[in-house]
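**Student:** Pasting the sequence and the predicted model now:
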Amino acid sequence: MSPFTVGEVIAERSVHLTRESLVRYAGASGDFNPIHYRDDVAAAVGLPGVLAHGMLTMGIAVGTLADALGDTGRIAEYGVRFTRPVVVDPEAGADLHVSAKVGAVDDETARIDLTVTFAETTVLGKAQVRVRLS
């Protein structure tokens with residue numbers, strides 16, 4: 001018997017990002033691309049502003065499942081498509097919202113579909129996590 005029911009929302013959370021969040025992530029990841037902290041560079045390459053790292057957004061999204069799973073070692077597969085940027089305003093920051101819903105269940109795994117939004121726009125497409133049931 002699966003602990004998951006198709007259609008069930010198993011986790012939700014919101015995360016507030018600031019420019020400081022981006023600097024901290026850059027230090028931890030080693031990704032010091034200036035589009036993640038300099039407005040002038042972001043503008044020069046045609047971006048709408050300083051962007052959150054894609055991998056930071058992806059990590060926040062999957063991290064939403066930690067409590068629901070109890071053991072993140074059960075995650076067998078995770079993939080996303082980056083569809084829209086997360087622009088982090090220097091004053092207001094940016095709020096990411098994540099919802100995790102069971103999309104499918106078979107004998108061995110469950111597929112969890114993540115909906116990740118910023119400013120009421122989906123920023124990760126086809127964000128899916130395959131979780132081992134045992």
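**Tutor:** Structure received.
**Student:** CA atoms of the lowest-mean-pLDDT helix or strand in the chain as PDB?
**Tutor:** Of the helices and strands making up the chain, the lowest-confidence element is helix 66-69, at a mean of 93, by mean pLDDT, DSSP states H and E. C-alpha atoms of helix 66-69 as PDB (Å, rounded to 0.1, in the frame of the first residue of the first chain):
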ATOM      1  CA  ALA A  66      12.200  16.800   3.000                       C
ATOM      2  CA  ASP A  67       9.600  16.700   5.700                       C
ATOM      3  CA  ALA A  68       7.100  14.800   3.700                       C
ATOM      4  CA  LEU A  69       9.500  12.100   2.700                       C
END
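**Student:** Next, residue 102: secondary structure please.
**Tutor:** Under DSSP: H, G, I helix; E, B strand; the rest coil, residue 102 falls in the strand class.
**Student:** if I pick it, what's in contact with it?
**Tutor:** Contact partners of residue 102, counting by Cβ atoms under 8 Å, 6 or more residues apart in numbering, are 4, 5, 6, 7, 8, 10, 110, 111, 112, 113. Heads up, the C-betas are built off the backbone N, CA and C, glycines and all.
**Student:** Check residue 6 too.
**Tutor:** Residue 6 makes contact with 102, 103, 104, 105, according to Cβ under 8 Å, 6+ apart.
**Student:** Measure how buried the second one is and give me the count.
**Tutor:** The number of residues packed around residue 103, counting by other Cβ atoms under 10 Å, is 15.
**Student:** if I look at it, how far off is residue 111?
**Tutor:** Separation of residue 103 from residue 111 (Cβ to Cβ, to the nearest Å) stands at 4 Å.
**Student:** which neighbours do these two share?
**Tutor:** With Cβ under 8 Å, 6+ apart as the test, residue 103 and residue 111 both reach residue 128.
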